[in-house]
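S.K.: Output the structure for:
(chains A and B)
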Amino acid sequence: DAKTTQPPSMDCAEGRAANLPCNHSTISGNEYVYWYRQIHSQGPQYIIHGLKNNETNEMASLIITEDRKSSTLILPHATLRDTAVYYCIVRDQTGANNLFFGTGTRLTVIP
Amino acid sequence: NAGVTQTPKFQVLKTGQSMTLQCAQDMNHEYMSWYRQDPGMGLRLIHYSVGAGITDQGEVPNGYNVSRSTTEDFPLRLLSAAPSQTSVYFCASRGWFNTEAFFGQGTRLTVV
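M.R.: Numbers count the residues shown, from 1 in each chain, chains lettered A, B, ... in the order given. All right, here's what the predicted structure looks like:
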């Protein structure tokens, strides 16, 4: 699986959009970009995933660059409950396709 | 629908003791896995299973055994606990054609 690079920490004002970047320059054609988050010490929670088109769901939007070497997770209106560690993971969907976690980005939403 | 259930939530062991961490899911998922998370680090894959009777090693399998006799259960065994195994352990499950993995709430293990 391709490796990802994320900033270790970010702050965001409550009510503003949080934009979390991820670099995955070695991603291959059949690998998807996944985002999970971990609130405090709970189990990780799935947020969104995509292959090459932008995706949106009730939690967030995922913007993937045309060359697929980087992506941005957008939380449109961050709340205090969005304070968490956010993990960007790339993997294909064949075989066991395990999830390999890096250290993620610690997002702190500030009142 | 309980999702992924891990027991116990907390455990303290003495060095050399053995124990089993339980993981059960009620979503009929084929794929199950165990991770450990040390302070300030991401999750590391210990073992995984793609179906009943099939298990395989992940990134950090040493010191742990697993079995998968049913679709629902995937226990993780520590045969002789060591202080280096002090960690938070997470179990996860996913349907074979599903993209979303579901995680349990974790077991916090301390080995003294």
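
S.K.: For the rest of this, base every contact and every neighbour count on C-alpha atoms.
M.R.: Will do.

S.K.: got any ranges where chain B has weak pLDDT?
M.R.: B:1, B:98 (pLDDT under 70).

S.K.: same thing but at 80, please
M.R.: Along chain B, the parts satisfying pLDDT under 80 run over B:1-2, B:96-99.

S.K.: Quick check: residues of it near chain A?
M.R.: With C-alpha under 8 Å from any C-alpha of the partner chain as the criterion, chain B comes near chain A at residues B:31, B:40-45, B:50, B:90, B:99-106.

S.K.: show me the contacts for the residue minimising distance to the centre of chain B.
M.R.: By C-alpha atoms, centre = their mean, chain B has its centre lying nearest to residue B:34, at 3.2 Å. The contact partners of residue B:34, by C-alpha atoms under 8 Å, 6 or more residues apart in numbering or on different chains, come to B:45-48, B:76, B:89-92.

S.K.: ranking those by neighbours, who comes first?
M.R.: residue B:91 (31 neighbours; other C-alpha atoms under 10 Å in any protein chain shown).

S.K.: can you confirm that one is in a helix?
M.R.: No. Using DSSP: H, G, I helix; E, B strand; the rest coil, the assignment for residue B:91 is strand, not a helix.

S.K.: Would you agree it is in contact with residue B:35?
M.R.: Yes. Using C-alpha atoms under 8 Å, residue B:91 makes contact with residue B:35 at a distance of 6.3 Å.

S.K.: if we can go back for a sec, for the residues of chain B next to chain A, which ChimeraX command selects only the ones that are buried?
M.R.: Typed into ChimeraX, the next command selects the buried ones out of these (criterion: 16 or more other C-alpha atoms under 10 Å in any protein chain shown):
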select /B:31,42,43,44,45,50,90,100,101,102,103,104,105,106
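
S.K.: Kindly report the residues of chain A close to chain B.
M.R.: Counting by C-alpha under 8 Å from any C-alpha, chain A sits next to chain B at A:42-46, A:93, A:96, A:99-104.

S.K.: Strands of chain B, start to end?
M.R.: Using DSSP state E, the strands of chain B run over B:4-7, B:10-13, B:19-25, B:31-37, B:43-51, B:54-57, B:64-66, B:76-78, B:87-94, B:102-103, B:107-111.

S.K.: Just send these back as TSV, with distance to residue A:87 too.
M.R.: Below are the strands of chain B laid out as TSV (distance: least, C-alpha to C-alpha, whole Å):
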stretch	distance to residue A:87
strand B:4-7	20
strand B:10-13	25
strand B:19-25	23
strand B:31-37	14
strand B:43-51	10
strand B:54-57	22
strand B:64-66	26
strand B:76-78	25
strand B:87-94	16
strand B:102-103	14
strand B:107-111	21
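
S.K.: Now for the nearest residue to residue B:95 once chain neighbours are set aside: which residues touch it?
M.R.: Ranked by C-alpha to C-alpha, 6 or more residues apart in numbering or on different chains and with sequence neighbours excluded, the top spatial neighbour of residue B:95 is residue B:29, at 4.3 Å. Contacts for residue B:29 (C-alpha under 8 Å, 6+ apart) come out as B:71-72, B:93-96.

S.K.: 10 Å instead, please
M.R.: Residues in contact with residue B:29 (C-alpha atoms under 10 Å, 6 or more residues apart in numbering or on different chains) are B:50-51, B:71-72, B:92-98, B:101-102.
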